[in-house]
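**Student:** this is the structure alone, sequence omitted:
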C-alpha cells in the first residue's frame, strides 16, 4: 500500500533565551496502514500516538531540537519503541531540554530513511539551529521543512544558535533547487510550495527577516 502524509496539530510552549510563547506545531506522519514515521514529537505524545494507532512506528525524526519540536519525543518513543533521530549538531539544544536522555541515533546530510516503501532524504539546513534538517520525499512530492522555511519566508534567526545568512544559504542551496511543485510542509502554520517561495530570497534579505 502506498505511503501517505497525515497531519496532527499539537499545542504547547516554546521556551528559549528566557522567553516562553504559546505555539501550535505541525506534526507530520508518513506511512501506510502497516507502518509510519513521525516528523517532530511535539507537545502531546497521546495525540500523536492516537494518530499513529496500531501501526508500527519506525522512527521519530526531529527536524531540530528546540523544545517545542522534541518535548514529547521521549514519551512517544517509550510508548512505541521507535528510535528518536536528530542531527548531531543539535545535541546541545537537545540536552537543554532532555538532560537525562539522548537521541537513539544521529542523522547526517543525505542520509536516507524508508517507510512504507517511500524514501525520505535528510537535507542539513542550518540557520534556525545548527542541526536543522529537512526531509525530502520525491515519491510524495513534498519536503518537510521544520522551522527552516515557511509560507512567506525563512524561520526565525534572532535567538541563540541561529544565524540569518546561514539559513538563507541553506534555503538557496538545499530547498530552492527542488522541483517547483514540491509541497513545503512546515513546522508551524500553512503549507506552501517551492515555486511560491523561490522568487523571494532577495526580499527576505532586504527586510532582514
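**Tutor:** In hand now; what should we look at? Please read all numbers here as calculations on a predicted model, not as lab measurements.
**Student:** can we go C-alpha only for contacts and neighbour counts from here?
**Tutor:** Fine.
**Student:** can you show me the strands along the protein?
**Tutor:** Taking DSSP state E as the criterion, the chain carries its strands at 4-16, 19-31, 35-39, 56-61, 84-87, 105-107, 112-115, 118-124, 133-137, 142-146, 149-150, 153-154, 183-186, 192-193.
**Student:** so what does the third one touch, helix or strand wise?
**Tutor:** I take that to be strand 35-39. strand 19-31, strand 56-61, strand 112-115 (3 or more C-alpha pairs under 8 Å, 6 or more residues apart in numbering; DSSP states H and E).
**Student:** right, so of those strands, which gets closest to residue 69?
**Tutor:** With C-alpha to C-alpha as the measure, strand 19-31 is the member of the helices and strands packed on strand 35-39 nearest residue 69 (7.6 Å).
**Student:** before we move on, the earlier item: most tightly surrounded among the helices and strands packed on strand 35-39?
**Tutor:** When the helices and strands packed on strand 35-39 are scored by mean count of other C-alpha atoms under 10 Å, the highest mean neighbour count falls to strand 56-61 (a mean of 23).
**Student:** for that one, the averaged confidence score.
**Tutor:** With pLDDT averaged residue by residue, strand 56-61 scores 98.
**Student:** residue contacts, residue 42?
**Tutor:** Residue 42 is in contact with 10-11, 25-27, 68-73, counting by C-alpha atoms under 8 Å, 6 or more residues apart in numbering.
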